[in-house]
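K.L.:
Just the structure for this:
(one chain, ligands or ions: 1)
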Amino acid sequence: MSGDVLVSARGLEVHFPVGGRGFRRKPAGLLRAVDGVDLDIHRGETLGLVGESGCGKSTLGNALLRLVPTTGGTLTFDGTDLTGLEGRRLKELRRRAGMVFQDPFASLDPRRTVAQTVGEPLEVHGLRTGKRARADRVAELLELVGLDPGVAGRYPHEFSGGQRQRVGIARALAGEPDFLVCDEAIASLDVSVQAQVLNLLRRLQRQLGLTLLFISHDLSAVRHISDRIAVMYLGRIVEVGPARAVGTDPQMPYTQALLSAVPLPHPKLERERKRIVLTGDVPSPAAVPSGCRFRTRCPYAFEPCDDVDPALQSVGAPGQQAACHLHGVVGAPAAAPEGVTATP
Ligand code: SF4
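P.N.:
Coordinates of the predicted model:
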């Protein structure tokens, strides 16, 4: 992994107006899907982005590719400011940054053959002109993702879920991207196939020197594939750091709760471990709590958490950061309460 930053977000926001009545339809409120994200993704690394459903992970992934409009903050790709980018320069970004979607069946056009699907980005970006050159490149891409080039004439319904996801990955690689966003790329696959697709992504990342953002609600999959992990809660990154540090010694109570829900390989270990049970759902992004946005579910919440929004600060291992008043506020509780439960 290089220290060179490829994608950088500072105070990034994606807010959507909600509600409102009448002729002018003045919005009644704002849905803060992404709400002040600071994040660097280094060239050649795999960054895992983890969090519960509805925390804004997918919206952030889409925002980094300019697939949804940002409403605040800055976003750069390889040093170029992406906010306001249009026309040919935006098209070039689209070539350099690809997306692998959650549901390979829904993301592939059932009326198009594999050759047409994988060949489309080549045509759009003018990468291989001429039928022969395009067919050769499609065959190369299929081989790269572990498919027989002979399947190029088949349709999506003729494949298994894992094979369809491989077609989706081949399509994402067709533009020769530097950056790939994998949005819950294994969530819809059988457990037996998930490991194969994870290993494929890991191999491709190393072989092609890709920078990968791997979005998942599954912390064990994220730990398996990532160099670093970022944890998202209610539109904000609340912990980030090396995968080993975040995966074994998390510094933020939300990460600790996520980690305590990952099954352990041995029943004895499973019986002995202390599970942190969070009560309630993630609050609505249209009504973000004051202070620390995790305080309504945090078993450690204390006074400053009601009013003061904690910023990411260096804590734990080198490169690890967490947004929590437990680190650095005088009077913070030193230890977890026994029989941990969330505050109402
Ligand atoms: Fe819990 Fe307070 Fe830390 Fe937020 S700042 S995670 S509420 S202890």
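
K.L.:
List the buried residues of stretch 153-164.
P.N.:
Taking 16 or more other Cβ atoms under 10 Å as the basis for neighbour counts, the residues of stretch 153-164 that come out buried are 155-156, 159, 161-164. C-beta: built from backbone N, CA, C; applies to glycine.

K.L.:
likewise stretch 285-301?
P.N.:
Within stretch 285-301, the residues that qualify as buried by neighbour count (16+ other Cβ under 10 Å) are 285, 288, 291-301.

K.L.:
Among these, name the ones that also lie close to the ligand.
P.N.:
Applying Cβ under 6 Å from any ligand atom to those, one finds that 292, 294-295, 298, 300-301 fall near the ligand.

K.L.:
So what touches stretch 117-132?
P.N.:
By Cβ atoms under 8 Å, 6 or more residues apart in numbering, the residues outside stretch 117-132 that reach it are 91, 95, 108-109, 112, 134-138, 141-142, 152, 156, 167, 170-171, 174-176.

K.L.:
Phe214 is in what secondary structure piece?
P.N.:
Phe214 belongs to strand 211-216 when assigned by DSSP states H and E.

K.L.:
repeat for Glu140
P.N.:
Following DSSP H and E, the helix or strand that holds Glu140 is helix 131-144.

K.L.:
For that helix, give the mean pLDDT please.
P.N.:
Averaging pLDDT along helix 131-144 gives 94.

K.L.:
ok, which residues in the protein are in contact with the ligand?
P.N.:
In this structure, the chain approaches the ligand at residues 252-253, 292, 294-295, 298, 300-301, 305, 310, 324-326, judged by Cβ under 6 Å from any ligand atom.

K.L.:
Now do the same contact list for the most centrally placed residue in the chain.
P.N.:
Centre of the chain computed as the mean C-alpha position; nearest residue by Cα atoms, centre = their mean is Ile215, 2.7 Å away. The neighbours of Ile215, taking Cβ under 8 Å, 6+ apart as the test, are 48-50, 57-58, 61, 181-184.

K.L.:
between those, which is nearest the ligand?
P.N.:
Distance to the ligand, by Cβ to the nearest ligand atom, is smallest for Val50 among those, at 16.0 Å.

K.L.:
my guess is the closest one meets His217, correct?
P.N.:
Yes - using Cβ atoms under 8 Å, Val50 is in contact with His217, at 6.7 Å.

K.L.:
So what's the residue count around Gly130?
P.N.:
Applying the criterion other Cβ atoms under 10 Å, we find 8 residues in the vicinity of Gly130.

K.L.:
Neighbours of the residue in the stretch 51-200 of the chain that the ligand sits nearest to, how many?
P.N.:
Of all residues in the stretch 51-200 of the chain, Gly51 sits closest to the ligand, at 13.8 Å by Cβ to the nearest ligand atom. As a burial measure, Gly51 scores 26 neighbours (other Cβ under 10 Å).
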